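1. with the sequence up front, the predicted model follows.
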Amino acid sequence: MRTKSFNLEISDEAEIDLKNAYQFYAEESTRVAESFFEQINTSLETIKKNPRSFPYAYKSLQKFVVKKFPFVIYYQSDESTIRVTAIFHTSRNPEIWNERL
């Protein structure tokens, strides 16, 4: 059985989210920062394998809870593309991603 391949697009805002989180962890420990980055990459690969498996947060916006770190990846998908709109720390106001839709 062949698995469908999805393109992954990460918004500029989500890239900034990721960069800021990485820098925060890097100030404490480069090992933790690298672990965080690896976990985000693993999470994105998991989403790519089956994007429709994860719960909806709002209308067409889905969320994936990152393991080992207090972050959520918000994304939308269609037949061929996954668009990551935010990579949020769970303590942030979730209404912010609403502005990114």
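-> Received it, and whenever you're ready, just let me know what you need.
2. longest strand in this protein, please.
-> For the chain, the strand with the greatest residue count under DSSP state E is strand 81-89.
3. report the buried residues of that strand.
-> 82-88 (16 or more other Cβ atoms under 10 Å). From N, CA and C alone the C-beta is placed, and that goes for glycine too.
4. stretch 15-28 too?
-> For stretch 15-28, the neighbour count (16+ other Cβ under 10 Å) marks 17-18, 21-22, 25 as buried.
5. outside of it itself, list whatever touches it.
-> With Cβ atoms under 8 Å, 6 or more residues apart in numbering as the test, stretch 15-28 has contacts from 10, 32-33, 36-37, 40, 71, 86-89.
6. need those in TSV (columns: distance to Lys63 and pLDDT).
-> TSV is the format used below for the contacts of stretch 15-28 (distance: Cβ to Cβ, whole Å; pLDDT from 0 to 100):
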residue	distance to Lys63	pLDDT
Ile10	15	97
Val32	23	97
Ala33	23	97
Phe36	18	98
Phe37	20	97
Ile40	14	98
Phe71	10	96
Ala86	9	93
Ile87	11	95
Phe88	9	91
His89	13	90
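7. centre of the chain to the longest strand of the chain, how far?
-> 4 Å (Cα atoms, centre = their mean, to the nearest Å).
8. that strand pairs with which strands, parallel or anti?
-> Strand 81-89 pairs in its sheet with strand 7-10 (parallel), strand 71-77 (antiparallel), by DSSP bridges.
9. hey, C-alpha coordinates of that strand in CSV?
-> Output in CSV follows, covering the C-alpha atoms of strand 81-89 (Å, rounded to 0.1, in the frame of the first residue of the first chain):
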residue,chain,number,x,y,z
THR,A,81,-0.6,20.5,1.1
ILE,A,82,-0.2,20.9,4.8
ARG,A,83,0.1,24.6,5.9
VAL,A,84,1.5,25.1,9.4
THR,A,85,0.2,28.4,10.7
ALA,A,86,1.6,28.4,14.2
ILE,A,87,4.0,26.6,16.6
PHE,A,88,2.7,27.8,20.0
HIS,A,89,3.8,27.4,23.5
